[in-house]
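Enquirer: No sequence on hand, only this structure:
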């Protein structure tokens, strides 16, 4: 069983849903692959990747960093016009997501944010791509599946306290058992057992 405060798919879909509500974008894609045509701009691609660091030596527990990438593409007649427009569109994306309390609760925290720009001039078509990478932190815990279960437990104690050991002349371990306790697990987990042991009182 995995404990995940956020599913990567849900995080991406929730981001796409919010950005698609903004009237400044003609298209918002849940993918990095679609080829964009001139009549589709400005458009946004949203995609994710992740890395995880172990935080436990006992069970598979990880501090996961999800890289949520929002890539906006726009065009303009001049370089300065396109640069100004891409800056504004990136600010709109940041404002929409970072001011949304429900979106912020999809992860534990926003670790970092970086913005890069790339320009492409093909003939008369001048496009600029603004790539905003949000790094979000969450914790994943994978609980091992143990098919067997503890059925019973027996404890035998050779008492060394003279007050409890009848062998007063030579106190200490003598091989005689003064305390014999038995515990049983009456119901396996498959039958609704809760894992609590009960004292076996015998017949």
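Expert: The structure has been received and is ready for your questions. This one's a predicted model, so the numbers in the text were calculated from it and none came from an experiment.
Enquirer: Show me the helices in the protein, by range?
Expert: For the chain, the helices defined by DSSP state H cover 8-20, 79-98, 101-104.
Enquirer: so how far is the shortest one from its chain's centroid?
Expert: If I follow you right, that is helix 101-104. Centroid separation for helix 101-104 versus its chain: 15 Å, with Cα atoms, centre = their mean, to the nearest Å.
Enquirer: What average pLDDT does it get?
Expert: Averaging pLDDT along helix 101-104 yields 95.
Enquirer: ok, now the longest one?
Expert: The average pLDDT for helix 79-98 rounds to 93.
Enquirer: and if you look at stretch 142-160?
Expert: Stretch 142-160 comes out at a mean pLDDT of 77.
Enquirer: follow-up on the earlier one: out of the helices of the chain, which gets nearest to residue 134?
Expert: Across those, the minimum distance to residue 134, taken as Cβ to Cβ, is reached by helix 79-98, at 7.3 Å. C-beta here means a position set from N, CA and C on the backbone, and glycine is covered the same way.
Enquirer: on that earlier part again, with respect to residue 70, which of the helices of the chain lies nearest?
Expert: helix 79-98 (5.5 Å).
Enquirer: Tell me what angle the closest one forms with helix 8-20.
Expert: Helix 79-98 runs at 120 degrees relative to helix 8-20, counting by axes from the mean of the first three to the mean of the last three Cα atoms, to 10 degrees.
Enquirer: Next, the buried residues of helix 79-98.
Expert: The neighbour-count check on helix 79-98 (16 or more other Cβ atoms under 10 Å) flags 82, 85, 86, 89, 90, 93, 96, 97 as buried.
Enquirer: Columns distance to residue 59 on top of these, output as JSON lines?
Expert: Shown next, in JSON lines, are these (distance: Cβ to Cβ, whole Å):
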{"residue": "82", "distance to residue 59": "51"}
{"residue": "85", "distance to residue 59": "49"}
{"residue": "86", "distance to residue 59": "45"}
{"residue": "89", "distance to residue 59": "43"}
{"residue": "90", "distance to residue 59": "40"}
{"residue": "93", "distance to residue 59": "37"}
{"residue": "96", "distance to residue 59": "37"}
{"residue": "97", "distance to residue 59": "32"}
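Enquirer: which one of those sits closest to residue 42?
Expert: When those are compared against residue 42 (criterion: Cβ to Cβ), the nearest one is residue 89, at 6.0 Å.
Enquirer: Run through the residues that contact that closest one.
Expert: 24, 25, 42, 72, 74, 130 (Cβ atoms under 8 Å, 6 or more residues apart in numbering).
Enquirer: Could you rerun that using 10 Å?
Expert: Residues counted as contacts of residue 89 (Cβ atoms under 10 Å, 6 or more residues apart in numbering) are 22, 24, 25, 42, 44, 72, 73, 74, 128, 130, 132.
Enquirer: Strands - which of those land there?
Expert: Under the assignment DSSP state E, the contacts of residue 89 contribute 44, 72, 73, 74, 128, 130, 132 to strands.
Enquirer: Closest to residue 56 out of those residues?
Expert: For those, the nearest to residue 56 is residue 132 (32.1 Å; Cβ to Cβ).
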